[in-house]
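In: here's my sequence, what's the structure:
(chains A and B)
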Amino acid sequence: MNRELRRISLVVAAMFLALFMSATNLQVLSSESLSKDQRNVRAIYDGYQKQRGAILVDSQPIAQSVPAADAFHFNRKYSSDMYSAVTGFYSYYQGATGLESSANDYLSGKNSAQFFEQLNALFSGKPVSGASIELTIDPKVQKAAWDALGNRIGAVVALEPATGNILAMVSTPGYNPNKLAVHSGSKAQSNYNNLLGSAGDPLINKAIGGSLYTPGSVFKLVVAAAALESGQYTVDSELPNPRTYTLPNTSTKIHNSGGSDCGGTKTVTLLHALQFSCNIPFAELGVALGQDKIRAMAKAFGFGQSFRIPTVATASVYPENMDDAQTALASFGQFDVRVTPLQMALITATIANGGKEMNPQLIENVQSSNLALLSQSQPSEFASPISKSTADGLKKMMIAAVKNGVSTNGQVSGTVVAGKTGTAQNGGNSPYTLWFAGFAPADNPRVAVVVMVANGGGLGQGGSGNIVAAPIARKVIKAVLGK
Amino acid sequence: MSSNVTERISKIVRVVPRNRNTELFLLLFAFAINAFEIVQVQLSTLQNVNNDFWFYWGALSGAGLLLHLVLRLRAREADPLILPIAVALNGLGIAEIYRLDIAAIANHQTELFAEKQVIWTLVAMVLAGAVVMYIPSHLVLRRYVFLAGAVGVGLLLSPMLPFIGKTINGASLWLSIGGLTFQPGELAKIALTIFFAGYLVQRKDSLAMTGRTILGIQIPKARELGPILAIWVVSLLVLVVQHDLGTSLLFFGLFLVMIYTATGRAIYTVVGLGMFLTGALVASRAISYVTKRFDAWLNPFDDAHYNAIGGSYQLVQGLFGFAHGGLLGTGLGGGVPQLVPLAESDFIVASLAEELGLAGIFVIFTLYILLVARGLRIGFNHNDDFSKLLATGLSFVIALQVFIVIGGVTRLVPLTGLTTPLLAAGGSSLVANWIIIGLLLRISDTNRREVE
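Out: Numbers count the residues shown, from 1 in each chain, chains lettered A, B, ... in the order given. Predicted coordinates for the structure are as follows:
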């Protein structure tokens, strides 16, 4: 029997060898991929065991972890609802959004910049405290945008054109992230459900994502840019200006906004068409240019791309394979053109910056828990989608629009503002989406601001970009210029 | 002859009761490690060491010392490694269950396990001591072979009885009498090992010698295959009615290994394994519960299986626990093993893997390997077939159970409802495994005295 026993010993050895290999696979080889699984809450739970880094605006925390007496060790505290679109929330039960998610590597202390602290932690047994991030947000501008939007549903993005620094990012209605950071699972869940069912989708950051919006006339900036870049047009080029326009190969007639005659002349200049936001000349311009040129222009500005600020923004869309009628509609921002306020702000900032588009960023620098500077953000160029002369042409037209065109409510006394309003239709009786995209001061731009008010600003189809959105932008610009 | 000299020297060495001193030394080492574990649990979860330490550490250590004294008195020559290894594993289990209790209290849960585990440990160790004290030689068990067989099969099939049979998590492995739940399959494995050993000793010659030779392979007579068929039917019945592949595999595997040891004919193993796999495969396709388990095993990360009731949620959470442990683990009390359902029983290995890391898991595996190796060695050293078979069966059943449970938790094999010997929370499992420890100690003592 001893021969058999020896063989059985081998079988036992093989069984244990299989277990050894299986455990090694789980704990070493697949360990990282398993810990990154969305359903694995241990990573988040880990985050509660050590002090998470703060999110700072002007050195003041807008989100910070303070010691707590329960099993979680720390409470996440948020200073104000107006930053909810920036920070997002950090919840044990619902995960994390916004910077709490996108900057988690810094906040949780898992980034490579803290390598030596991590090495030290391995020996001392003390966990690495997360790094804090200082934002590019200017609290005065953020407050101005938040107050100006008030109880309307919408978003504001304000950028520094030369650097891409985000000075304000507001989405309304906001919410109170503290309610999701509570340590009671049932409370967090019911608060979360309330927010999910709440009017105006507070959990969606309308500045960069979630749903996209119809741009309406602010998209004319892209069509005009494509026209100027093509070399076939200047700001003074004459465009046909009939009272009505029949969409190619259809019997559908379109009018200018409010049925206006756009000056009543047989042709109008490109400048005039943009200044007074005439739909028909732009429809004809779009068809003449062709969708490919406009699409290439939109792509060059960043359409189709997800910017990371580092929170990921939804990509804006210019439709593919349109017929001429659809191209005509898309040329004044209707049909299936969809954008984020951030994308429109980038286009505006590019015009302000003489054609150079900077990558948008929210993080100014990263500091370790003992305030050592770990990294400092540097402005970086995304692309140069338009030439300096195209930028100057667009600027000239936008100045005219604010000075004595259809965007006059963007005016700020003592400063030249360049801007373009938009009043986008959403089909049938749906409320309009109201826009203002502009920058100031025109000769030395310090801020590019885009205001988007959804749901007609509460006025249904009665409002316009100039009535609702432009005054909000004016307040943001004033806050930047210290007026 | 030099080999003769070595043999003689080793015999002389055995006369000196060095075994018991080795055991005492190793036992104290196991107590020390256990004390360290419980202190670490208290420090990392409660931030101080309190008097509960004496209960969670002292009970096991006291019982361990008592068992050691029993061995000094009644089984002087018993194997010195088995008791310390069993104590080390049992103590680690208590520490982890205690740690999970503390987490459960923090979460306002009322179902606690550690106190019960300590009490069951005492009961189980007293029973193991009784086995050593009152069974002068394991050979007396030969008188009760058929009784053991009847009891074993009865226990195995008892969860199918109406009223007292109980189904938990889809598997019917429990008896519930007066509020006490009990896993009869655990005790059945001892009874059936005794039965297999006794039965095979009687029949091994006819099983080994008879039959015609075809193409150089001896084909057993149909009559001899009867008992194998009977065991096969019982095993599949367990699978089909009780929905547990683990128990079914455990008993059939045990039987195949013992029949192979007894007869030396691989044909039994090959045919038996083929029969079992065929049966299991058919069952896995035909019974929706078993199908679900299989699919959850093959594709645990699919949302459909993950979110299904009785799906792969528990398995996947256990895998996350393993992954979280990494090389060195979070330290006892540092992880979140309570996220896994049944972290204190079926998934205790995932809990330990999370907190002790791969390093700790290797230590646990090594302890099991040593325990099984000592058991197989006892079989090796005996001269009579019954002792050989009994020791082999009892050791192999531990090895196979560890393989099936831990293999299930690490997704090597489909997940089953067996418990991890000596580590997992559960009275029936502790009692059964400590009785096995007692029997192995008894057999090893008889063995060494025979050599003298």
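
In: show me where the stretch 301-450 of chain A has helices.
Out: A:324-330, A:341-352, A:388-404 (DSSP state H, counting those that start in this stretch).

In: just these: most buried one?
Out: Mean neighbour count (mean count of other C-beta atoms under 10 Å in any protein chain shown) peaks for helix A:341-352 among these, with a mean of 29. In short, each C-beta sits where N, CA and C put it, glycine included.

In: re the thing from before, can you put the helices of the stretch 301-450 of chain A in a markdown table and add distance to A:Val480 and mean pLDDT?
Out: A markdown table is the format used below for the helices of the stretch 301-450 of chain A (distance: least, C-beta to C-beta, whole Å; pLDDT from 0 to 100):
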| stretch | distance to A:Val480 | mean pLDDT |
| --- | --- | --- |
| helix A:324-330 | 32 | 90 |
| helix A:341-352 | 12 | 95 |
| helix A:388-404 | 16 | 92 |
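
In: and these: which comes nearest B:Pro136?
Out: If you check each of the helices of the stretch 301-450 of chain A against B:Pro136 by C-beta to C-beta, helix A:341-352 wins as the nearest, at 85.8 Å.

In: alpha carbons only: can I get the closest one in CSV?
Out: What follows is helix A:341-352, C-alpha atoms only, in CSV (Å, rounded to 0.1, in the frame of the first residue of the first chain):
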residue,chain,number,x,y,z
PRO,A,341,-20.9,75.3,-22.3
LEU,A,342,-17.2,74.4,-21.8
GLN,A,343,-16.8,73.8,-25.5
MET,A,344,-18.4,77.1,-26.4
ALA,A,345,-16.2,78.8,-23.7
LEU,A,346,-13.1,77.2,-25.3
ILE,A,347,-14.1,78.6,-28.8
THR,A,348,-14.7,82.0,-27.3
ALA,A,349,-11.4,82.0,-25.4
THR,A,350,-9.6,80.9,-28.6
ILE,A,351,-10.9,84.0,-30.4
ALA,A,352,-9.9,86.1,-27.5
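
In: what's the angle between it and helix A:388-404?
Out: Using axes from the mean of the first three to the mean of the last three C-alpha atoms, to 10 degrees, the direction of helix A:341-352 lies 110 degrees away from that of helix A:388-404.

In: is it possible to get CSV of the helices of the stretch 301-450 of chain A that adds distance to B:Leu147?
Out: As requested, the helices of the stretch 301-450 of chain A are exported to CSV (distance: least, C-beta to C-beta, whole Å):
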stretch, distance to B:Leu147
helix A:324-330, 88
helix A:341-352, 81
helix A:388-404, 98
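
In: quick check: the gap between A:Ser230 and A:Ser387.
Out: Distance, A:Ser230 to A:Ser387, by C-beta to C-beta, to the nearest Å: 11 Å.

In: now swap in A:Leu247 and tell me
Out: Taking C-beta to C-beta, one finds A:Leu247 at 32 Å from A:Ser387.

In: quick check: phi and psi at the closest residue to chain A within chain B.
Out: Going by C-beta to the nearest C-beta, chain A is nearest to B:Ala323 of chain B, at 3.5 Å. Reported as degrees, to the nearest 10, the phi and psi values for B:Ala323 are phi -60, psi -40.

In: who does the lengthiest helix in chain B touch, helix- and strand-wise?
Out: When chain B is parsed with DSSP state H, its longest helix is helix B:348-381. Packing partners of helix B:348-381 (3 or more C-beta pairs under 8 Å, 6 or more residues apart in numbering or on different chains; DSSP states H and E): helix A:2-24, helix B:82-106, helix B:313-325, helix B:385-409, helix B:427-451.

In: return the set of buried residues in the second one.
Out: The reference is to helix B:82-106. B:82-104 (16 or more other C-beta atoms under 10 Å in any protein chain shown).

In: what parts of chain A come near chain B?
Out: A:1-5, A:7-9, A:11-13, A:15-16, A:18-20, A:22-28, A:30-32, A:34-35, A:37, A:39-42, A:45, A:70-71 (C-beta under 8 Å from any C-beta of the partner chain).
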